[in-house]
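Engineer: I need the structure of the sequence given here:
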Amino acid sequence: MPKSKRERVVALTQTKKKDREWKSSMIDRVRDAVDARSASYVFRYENMRNGTFKELRSSIEASTTFFIGSNKVLKVALGRDESDEHKEGLHQLSRRVRGDCGVLFTDLTKEDIEEVFAKYEVSDYARTGSVAPKTVVVPAGPVRGPSGSLMEHTLEPTLRKNGMPTKLNRGVIELVADHVLCKEGEHISPQGAILLRFFGHELATFKCTLTCRWQDGEFESFVDEQLSDEEDEDEDRFAHDGISDSMMLPPGK
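Structural biologist: Numbering: from 1, shown residues only. I've put the predicted structure just below:
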């Protein structure tokens with residue numbers, strides 16, 4: 001079958017070269033940020049919300065540079081051990097780069113950063129696959145919405161489609177039996193995520209927390225962590241929770 005004129009074949013060697021160039025560029029950017037700012041931190045995030053994080057980052061872009069995306073690249077840039085660390089003691093920061101985290105380089109104090117993090121801590125609806133922090137049950141009987149009023153009868157097919165045993169009784173949606181939307185400690189199903197939104201249950205909270213700091217050759221940990229020499233199973237996190245590789249770039253880039 002003849003190829004379309006618009007088809008373009010990309011050689012794998014070309015792709016690998018671009019990937020190497022990108023990694024090399026990011027390593028240089030991270031090290032430049034270490035040199036330019038007075039303190040370096042690792043922070044952890046929960047329930048990442050891309051839009052909120054971008055607002056947080058933009059609010060302090062004049063004094064702070066964030067990097068989030070590929071833990072492997074960050075580790076290499078900082079230095080995996082004493083023999084290849086960018087600056088003395090920085091490998092201790094690198095060891096804490098694992099899981100859902102990022103690094104930031106700033107001229108602000110720890111208290112200033114924590115104040116900004118608290119400002120952008122927001123509640124939201126949980127996504128499919130996230131772990132439920134509590135059990136949510138809709139009781140049998142007339143179905144009521146988030147405001148406490150009876151739910152519109154036109155929504156009955158949607159509720160039934162998502163697993164709720166409902167019926168219409170003179171224009172009122174009735175639940176035949178108690179229905180569990182999610183169970184504490186278990187992953188939220190696609191149907192559960194839809195229904196939690198219908199009933200107004202915001203079970204997810206986006207927040208960032210500082211875990212450790214490196215400054216002037218001195219390292220300080222703010223949390224107790226069990227460290228291992230093993231690599232994370234998933235350290236390239238570009239697609240995780242809506243994070244794109246563009247977030248590896250310093251603000252304004």
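
Engineer: so for stretch 27-35, what gets flagged as buried?
Structural biologist: Buried positions in stretch 27-35, judged by neighbour count with 16 or more other C-beta atoms under 10 Å: 27, 29-31, 33-34. All C-beta atoms are positioned from the backbone trio N, CA, C, and that covers glycine.

Engineer: now do the buried residues in the strand or helix carrying Gly192.
Structural biologist: Element membership of Gly192 [criterion: DSSP states H and E] is helix 190-198. Buried positions in helix 190-198, judged by neighbour count with 16+ other C-beta under 10 Å: 191-196, 198.

Engineer: could you dump these into JSON lines and include distance to Asn71 and pLDDT?
Structural biologist: Converted to JSON lines, the buried residues of helix 190-198 look like this (distance: C-beta to C-beta, whole Å; pLDDT from 0 to 100):
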{"residue": "Gln191", "distance to Asn71": "33", "pLDDT": "98"}
{"residue": "Gly192", "distance to Asn71": "30", "pLDDT": "98"}
{"residue": "Ala193", "distance to Asn71": "27", "pLDDT": "98"}
{"residue": "Ile194", "distance to Asn71": "32", "pLDDT": "97"}
{"residue": "Leu195", "distance to Asn71": "34", "pLDDT": "98"}
{"residue": "Leu196", "distance to Asn71": "30", "pLDDT": "98"}
{"residue": "Phe198", "distance to Asn71": "36", "pLDDT": "95"}
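
Engineer: re the thing from before, closest one of the buried residues of stretch 27-35 to Arg127?
Structural biologist: Nearest to Arg127 among those: Val30, at 29.3 Å, using C-beta to C-beta.

Engineer: so that closest one versus Lys87, what's the distance?
Structural biologist: 12 Å (C-beta to C-beta, to the nearest Å).

Engineer: helices of the stretch 1-150 of the chain, residue ranges please.
Structural biologist: Counting by DSSP state H, counting those that start in this stretch, the segments of the stretch 1-150 of the chain that form helices are 12-36, 50-59, 71-78, 91-95, 110-119.

Engineer: can you add distance to Asp224 and mean pLDDT and give those helices back as TSV?
Structural biologist: Below are the helices of the stretch 1-150 of the chain laid out as TSV (distance: least, C-beta to C-beta, whole Å; pLDDT from 0 to 100):
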stretch	distance to Asp224	mean pLDDT
helix 12-36	25	83
helix 50-59	26	96
helix 71-78	20	95
helix 91-95	14	95
helix 110-119	18	98
